[in-house]
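Take a look and give me a structure for this.
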Amino acid sequence: MRGSMAPSSSRRRAKTAVRVLLISFLAVLLIVVFVYLSRRSNRPAAIRPETRPLTKQKVDVKENIHFVKDTGGRNILNVQAARNFTDSGGLYHLKGPEGEEAGGVRVESRARDGQLKFSAFAEEVIYDADWTRLVFRGGVEIRLDDLTVKGASFTYHKNRDVVVTNVPAVFEGRRFRGDCRRATYNVTDEYFVFSGGITLVIAPWDDDPVPVIITGKSMTYARKPRTGEIRGDVRIAHGRSRGRCNDVFFAQFPDKPEFRLFDFHGNVKWEADERTVPAAVPPEPKTGEASAADDELIFFQGGRQRMEAGSMMFVPYGTEGWARYGSMQDGARVDILGEAGRQTTLDAREMVFFYDEGWVLRAFRLQNRARIRGEAEGRMRLLEAPTINYGADSGLLAANGTAAEPARTISGGREIAAEWIALNLQTKNLDARGGVKIVSHPEAGNAGDAALFASGRTTFMTAGLAHYEGGERQFRLGEGARLWQGEARGDISASGNVRSVFFHRDQRKNEDQRVEVTGGRMTRQSKKGNILFLDSCSLTVGEIVLKAGRLVLEPGGGEDGEKYRRIIADQERVTVTQGANTARGDRAVYDLSEDVIVLTGNTILEDQVKGVVHKDGKLTFHPSDGRILIENKDAERSTTIIKS
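Predicted coordinates:
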């Protein structure tokens, strides 16, 4: 019995083992299949268009397709193409008609409210199953309402909602075109960023066929406000004119292609040479109208100009009787260059200019430390005040000052100060009112002003009103007029915020430097000819400010034609400030012929950051280039040169 059961038991165990092995094999097989399917599900689904239509509507997914795709992002895509197929990697392709090089595939991106964000045209578009990225290739054009950007390849990223290209591209809008190395379009906020170095060509106005060319590192263009900003080492060219600045902002009208604003920022410099432009020539005056001819020393119409400012704004199209408007801020300066060495220089913290359609200057306003200086053939005319206004129709320059800060004009050895001064450039007449003070020096051409006084001596005049008739070369004074010359001793004194301004020729730069001297009191010593300023005195030349208890101005009169030979500062501690450096000493001498200021006597030199730089020795300041020469007290050849 046992013998018959043994084989049966063995067979059952064998069957059981086989079943276990089969079950284990099936389990392993199921796990392998599950893992394979799981990994494959993460790859782009290679779904054929005919088995899974891209839209709910039944369309031909292979030839001449047209469908609308909701990608689940911010926008909805409208797609047109000649063919659609899937490659071996599971990516989808949209192709244009065979033989058509550009624009065969069209993709429109619209917001959910139906607004068109952009249209893209390309030879081919490649995308994944989830439409997370679309690659446009071959003759690509990205079109907005007023801007078209072209390049070899662009990529749309759904998650970021941007269109990007990292290859060179060109762009064109209304009245401008350009090129760049890279471009990014923010679809959500609707602005383009062109970068990697850009060139922009602009046609700002209809009457000028010469374009304005601007280059920079990058440019941002906002679609809706139609504004642009160019940044990074910006260079500007217009014909023979050249300029540079840190960045430029421009704006166009919303309903027409013209530009309404240009705004230049950061160390703006402009060298204008428009002598070939006919509009720069003033028109002939009409019968009975004042001539546009300028004074022989001060003039405002010139083909060559140099401009510098912290910022400069230009409005091409005005609406209030002027066609074009410009302004300059933050230390503005304009040099107008004429023939035979004539030059007019305008300086102010802020300037505003108004032009007509023919680019003829109609008016301007200079504000905050305004100054106009004209020179030609060794002659000079200066006008300075807190504010200066000019009108071309009348030819009138009006300088507005105050009792504390009067307007001032200097010309031909004559200095006039008043609260208000008006100079007519056409008739050569002058009017002044409010605390008028006139000093007429005995120079050639104005000796007759002395009238009953000695023609070889300085004449002083004060009045409430003054009028100078240019044709008759006569002064008429009113409201408490008083005229005098020095008595036998010739000593003259004045008190109460006394200020004197003169110009010193910088031989190295071959240009004049403005020198201003102030003090609580002033005395002129006739025997020596010295002029003494006393009580809280200051001397300003270039970037140097010197302060002392007394300043002694020694007269010049040499062959160099300098009004003063040197200026001595002493009494109390003398302080000299130049840039970040401040020095103190017992005595300073400003040698105008050498254009140096030498400080001696217990000197000390301090830097705002480094602190004390030097003690005891001689310090020599050079106003023309900002150098400071340090000579040690006991070492003859121990010298140091620093640049402020």
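
Next, count neighbours for Ile202.
In terms of burial, Ile202 registers 20 neighbours under the definition other CB atoms under 10 Å. All C-beta spots, glycine's among them, are computed from the backbone N, C-alpha and C.

give me every residue that touches it.
By CB atoms under 8 Å, 6 or more residues apart in numbering, the contact list for Ile202 reads 175-176, 211-214, 250, 259.

Keep only those of those that are in strands.
Secondary structure from DSSP state E places 176, 212-214, 250, 259 of the contacts of Ile202 in strands.

all helices of the stretch 51-200 of the chain, in order?
Under the criterion DSSP state H, counting those that start in this stretch, the stretch 51-200 of the chain contains no helices.

Poorly predicted segments of it, please.
Along the stretch 51-200 of the chain, the parts satisfying pLDDT under 70 run over 51-62, 99-102.

Kindly recompute the last result at 50.
Along the stretch 51-200 of the chain, the model assigns pLDDT under 50 to residues 51-61.

which stretches of it form strands?
Here the stretch 51-200 of the chain has its strands, by DSSP state E, counting those that start in this stretch, at 63-70, 75-86, 92-95, 105-111, 116-122, 124-127, 133-143, 147-157, 162-165, 169-173, 176-180, 182-186, 191-195, 198-202.

try the stretch 301-450 of the chain
Residue ranges of the strands in the stretch 301-450 of the chain, as given by DSSP E, counting those that start in this stretch, are 304-315, 324-337, 343-355, 361-376, 379-391, 396-400, 407-411, 414-418, 420-424, 430-440.

Tell me what the residue nearest the centre of the chain is bridged to.
Closest to where the C-alpha atoms of the chain average out (CA atoms, centre = their mean) is His265, at 2.5 Å. When assigned by DSSP bridges, His265 has beta-bridge partners Asp247, Ser311.

One more: Arg566?
Going by DSSP bridges, Arg566 is paired in beta bridges with Glu554, Asp591.

where in this protein is pLDDT low?
Residue ranges of the chain with pLDDT under 50: 1-5, 40-61, 276-294, 444-452, 487-490, 637.

Domain map for it?
Taking automatic domain parsing as the criterion, the chain consists of the domains 44-157, 401-485, 492-643.

What residues sit buried inside the one helix or strand Ala272 maps to?
Following DSSP states H and E, one finds Ala272 within strand 259-273. Judged by neighbour count (16 or more other CB atoms under 10 Å), strand 259-273 contains these buried residues: 259-265, 268-270, 272-273.

Of the residues you listed, which is the nearest to Gly435?
Gly435 has its nearest neighbour among these in Val268, at 37.4 Å by CB to CB.

Verify the contact between Arg524 and Leu553 for me.
No: at 9.3 Å, Arg524 does not count as touching Leu553 under the criterion of CB atoms under 8 Å.

out of the two, which sits in the more crowded spot?
Neighbours were tallied for Arg524 and for Leu553 using other CB under 10 Å; the higher tally belongs to Leu553 (25 against 17).

which non-adjacent residue is nearest that one?
Nearest non-adjacent residue to Leu553, counting by CB to CB, 6 or more residues apart in numbering: Ile531, 4.2 Å away.

What count of nearby residues applies to the one you found?
Around Ile531 sit 21 other residues, with neighbours defined as other CB under 10 Å.

Please name the bridge partners of it.
Arg524, Leu553.

Quick check, it in contact with Gly519.
No: counting by CB under 8 Å, Ile531 stays clear of Gly519, with 10.0 Å between them.
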